[in-house]
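[1] just need the structure, nothing else, for what follows:
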Amino acid sequence: MNNYELYTGLILLLPLAGFITLSLTGKRFTPREAGILATLSLVLTALLSWVVAYGYFFEFGKQAGIYQPCRLIDFEWLPFTDTLSINVGITLTPIIAMMLIVISTVSLFVHLYSTGYMKGEERLGSYFAYLQLFTFSMLGLVMAFNIFQIYFFWELVGVSSFLLIGFYFKLPAAIAAAKKAFIVTRFADLGFLIGILMLGT
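    Numbers count the residues shown, from 1 in each chain. Here you go, the predicted model:
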């Protein structure tokens, strides 16, 4: 299980590291180098997702003939009282294991396609950084095991979507579409937040 804990942690950390690297030092890379770096990150992420899913389905996920939720990473983040705290971690279920494969594999193909489709565009380092952030957000969203983590990663999905939609910020249509997507999703997020507060009371 220890190896799988490491692998699941890397599934999240690799896209996050790609986002941070390209955001802070993206101008040092040529567009081709930025695409290669981001794509390699997704190659490793996809491979690890397949490995973890295989391990869950065929090695450690089944107990007494039934697939059980497995918390591979679980630590206390914000303690409030002896009986109330917010934990942060990663969990696996059959659906989550399959979604890891779907998200990482589709994202890998998006990266591969973008290296050719976006060839010649400006600010490709930023574009691939946004893709890495979107992938990190989606993976974190499906692996979250409490509603607070779900809310956090859902907000990151909204941010990365806004950045990707508004990538061509010089075009009025792109700016309008990004603003519309951001404002509309905020209404849903408000309802989500109200639901969390109601559960906490």
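
[2] give the pairing partners of the helix or strand bottoming out on mean pLDDT in the chain; include direction for each.
    The weakest-scoring helix or strand in the chain, judged by mean pLDDT, DSSP states H and E, is strand 70-79 (a mean of 77). Strand 70-79 has the following sheet partners, assigned by DSSP bridges: strand 85-92 (antiparallel).

[3] do you know how far the residue of the chain positioned farthest from its centre is from residue 108?
    No residue in the chain sits farther from the centre than residue 64, which is 31.8 Å out by Cα atoms, centre = their mean. Distance, residue 64 to residue 108, using Cβ to Cβ, to the nearest Å: 35 Å. C-betas here are computed from N, CA, C, even on glycine.

[4] which residues does residue 55 contact?
    For residue 55, the contacting residues are 4, 7, 61, by Cβ atoms under 8 Å, 6 or more residues apart in numbering.

[5] cool, residue 8 as well?
    48, 52, 72-73, 90, 92, 143.

[6] picking up where we left off before, which one of the contacts of residue 55 is nearest residue 180?
    residue 7 (38.6 Å; Cβ to Cβ).

[7] wait, isn't the closest one in contact with residue 50?
    No. Contact between residue 7 and residue 50 fails when scored by Cβ atoms under 8 Å: they sit 10.1 Å apart.

[8] can you give me the helices in the protein?
    2-25, 31-55, 94-117, 124-143, 147-165, 172-200 (DSSP state H).
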